[in-house]
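[1] Predicted coordinates and the sequence they were generated for:
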Amino acid sequence: MHVIAIDDEFDAWRVAALDALAQKLPPESIDWRTAQAEPALFNESARSAKAAKAADAPPIRVSRELASLLKDAAHFRDARRWSFLYRVLWRWAQGDRSVASPADEDGARLYKMAKAVRRAQHDMIAYVRFRQRDASLGAPEFVAWYEPDHDVLAWGAEHFAARMGRSTWLIATPDGAAMFDGERLQLERGRALASDHAAVLPDAAEALWMTYYRSIFNPARLNESALEQHMPVRFWKGLPEGALIPKLVSDARGGARRVAQAQNVGALGGKAVQVDALAAQPERDAPTSLDTCRRCDLWRNATQAVHGAGPSDARIMLLGEQPGDQEDLKGEPFVGPAGQLLQDAMQRAGVVREHVYLTNAVKHFKWEPRGKRRLHKTPAQQEVEACSYWLEQELHDVGAKVIVTLGATALAALFGRRATLSAHVGRVVPYRDKLVVATYHPSYALRQNDEAAREKTVAAIVAALELASSLKA
Ligand code: URA
């Protein structure tokens, strides 16, 4: 067995392969090793001896097509690529032209490898995003983090070097980096310069790009599978606009529904509710982690996550179940009919809305279609538990000493599923360093057709609010 040690790159392989052909070494007699895998096999004299030897090797003529296939396939990530490429070259040198045909087994593999590499090259040009660094950090001015599918860093770096003038930049990848100092390109194998990458600051151009991307994104024409095909999800994390996409997609779903609802609104009975189109979709430049929450599946059909609202030093927290249709569109809690009833109850109880913190046990709207309408669906305990992560943060960040739970879901969010509303309603129960007053959900009152029964429920909510404000927790 002949061990041939080369640098892990096409030119080194080509020189060594021509040499091996000149010596008539059949593919199965060669053990190809690379510098990356076995640095100990390498030293300067060994390498220059090889280069000198190869200079004597007679050139072999291959078709232009095969030359380009070999060159591209050489970037395919596979430890056996060099021995495979040598087998192809060997067969060609023996006069076996079928090796360059996609109908041949080796030929098919060669085509597949070259195709995958060309795709990775295309992706690299399409998805590398440079970010400008803080000028005080010096060169490089621009850095990008990228995770190529194949060994296309050097190829991509040549491309950017030819297009980015004399600016200085760095592309860091998980297994190497390319640096350009304005004149020379330098490639470094091994660990990427991750700390350098961390020093990136979002630049003005990026903010502009985000605004532009948002403005050209047409929700009415969204085709999610086409989007994911053209911009695979695995690239999103390296793209600034990647952070926007989940919300844009979710808005598009809500928006499309709203258009459908608007078209049919005249046909529906009941009170028309005005929704200001701009206010209905607040744009968040920097989505918070709640905006991109994927702890359960409710985000998929919601327009957006609905954050709690109110002063962070509020003494009283009102805890509802989940946003409703209008809260989902507007991105604010208790702005629909239940919110209106709650507002009236607060007024009767002498509680000022601006002084309390309003939130929900679940932050995304869970619903099911009923004709053109979205009907509220009670969240499952699992969803309540998944969302408790956010509620915990609010309990910690908002110093409220008294919590008024509105309805069974809110109560269960604090005390678990076994805590029944009937056993707790109107009562004060200690909870950690706080006091909890349990009462009905305002939409329970809204559902009651009987005027007297409704008033009784509203009166109970008012009484709970009065009790909450009288408590000295
Ligand atoms: N019902 C809730 O529980 N919360 C809201 O925000 C709206 C309706």
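    It's in. Numbers count the residues shown, from 1 in each chain.
[2] All the strands of the protein, in order from the start?
    Counting by DSSP state E, the chain has strands at residues 2-6, 30-34, 131-132, 142-145, 169-173, 176-180, 185-189, 316-320, 357-360, 367-370, 373-376, 402-406, 428-431, 434-439.
[3] Out of those strands, name the one with the poorest average pLDDT.
    Note on the strands of the chain: strand 131-132 shows the lowest mean pLDDT, a mean of 81.
[4] For the ligand, which of the strands of the chain is the nearest?
    Taking C-beta to the nearest ligand atom, strand 316-320 is the member of these nearest to the ligand, at 2.7 Å. Where you see a C-beta, it was placed from the backbone N, CA and C, and this is true even at glycine.
[5] Partner strands of the closest one and their direction?
    Note on strand 316-320: by DSSP bridges, its sheet partners are strand 357-360 (parallel), strand 402-406 (parallel).
[6] in the protein, which helix or strand is least confident?
    The helix or strand of the chain with the poorest confidence is helix 277-280; it has a mean of 42 (mean pLDDT, DSSP states H and E).
[7] Buried deepest among the strands paired with strand 316-320, which one?
    Mean neighbours per residue, mean count of other C-beta atoms under 10 Å, is largest over the strands paired with strand 316-320 for strand 402-406, with a mean of 27.
[8] That strand to strand 434-439, inter-axis angle?
    If you take axes from the mean of the first three to the mean of the last three C-alpha atoms, to 10 degrees, strand 402-406 sits at 30 degrees to strand 434-439.
[9] Let me know whether residue 145 touches residue 238 as I believe.
    Yes - counting by C-beta atoms under 8 Å, residue 238 is a contact partner of residue 145 at 5.7 Å.
[10] which of these two has more neighbours?
    Between residue 145 and residue 238, counting by other C-beta atoms under 10 Å, residue 145 is the more crowded of the two (23 against 14).
[11] ok, the more buried one to residue 88 distance?
    Distance of residue 145 to residue 88, given as C-beta to C-beta, to the nearest Å: 35 Å.
[12] and if you look at residue 74?
    11 Å.
[13] out of these two, which sits in the busier spot?
    Taking neighbours as other C-beta under 10 Å, residue 74 and residue 88 compare with residue 88 leading, 24 against 21.
[14] isn't residue 176 right up against residue 157?
    No - the criterion here is C-beta under 8 Å, and residue 176 misses it with residue 157 at 9.7 Å.
[15] between those two, who's got more neighbours?
    Just comparing residue 176 and residue 157: by other C-beta under 10 Å the higher neighbour count belongs to residue 157, 23 against 20.
[16] list the buried ones in stretch 136-144?
    140, 141, 142, 143, 144 (16 or more other C-beta atoms under 10 Å).
[17] returning to that earlier point: what would the strands of the chain look like in JSON lines with distance to residue 225?
    Supplementary listing: the strands of the chain in JSON lines, determined by distance: least, C-beta to C-beta, whole Å:
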{"stretch": "strand 2-6", "distance to residue 225": "42"}
{"stretch": "strand 30-34", "distance to residue 225": "39"}
{"stretch": "strand 131-132", "distance to residue 225": "29"}
{"stretch": "strand 142-145", "distance to residue 225": "27"}
{"stretch": "strand 169-173", "distance to residue 225": "28"}
{"stretch": "strand 176-180", "distance to residue 225": "33"}
{"stretch": "strand 185-189", "distance to residue 225": "36"}
{"stretch": "strand 316-320", "distance to residue 225": "35"}
{"stretch": "strand 357-360", "distance to residue 225": "32"}
{"stretch": "strand 367-370", "distance to residue 225": "21"}
{"stretch": "strand 373-376", "distance to residue 225": "24"}
{"stretch": "strand 402-406", "distance to residue 225": "40"}
{"stretch": "strand 428-431", "distance to residue 225": "46"}
{"stretch": "strand 434-439", "distance to residue 225": "46"}
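[18] out of these, which comes closest to residue 102?
    strand 30-34 (24.4 Å; C-beta to C-beta).
[19] which bits of the chain sit near the ligand?
    In this structure, the chain approaches the ligand at residues 320-324, 327, 333-334, 336, 338-339, 360, 443, judged by C-beta under 6 Å from any ligand atom.
[20] Recalculate using a threshold of 8 Å.
    For the chain, the residues in contact with the ligand (C-beta under 8 Å from any ligand atom) are 306, 320-324, 326-327, 332-336, 338-339, 358, 360-361, 376, 406-407, 409-410, 441-443.
[21] re the thing from before, common neighbours of residue 74 and residue 88, please.
    By C-beta atoms under 8 Å, 6 or more residues apart in numbering, residue 74 and residue 88 have no common neighbours.
[22] who touches the lengthiest helix in the chain?
    Criterion DSSP state H: the longest helix present in the chain is helix 105-127. With contact meaning C-beta under 8 Å, 6+ apart, helix 105-127 is reached by 68-70, 72-73, 75-76, 78, 81, 84-85, 87-88, 91, 98-102, 146, 148-150, 152-153, 155-156, 159, 231-232, 235, 238-239.
[23] Likewise for stretch 236-250?
    Contacts for stretch 236-250 (C-beta under 8 Å, 6+ apart): 127-129, 131, 144-147, 202, 206, 209-210, 213-214, 217, 219, 222, 224, 227, 231, 235, 284, 287, 291-292, 299-300, 302-304.
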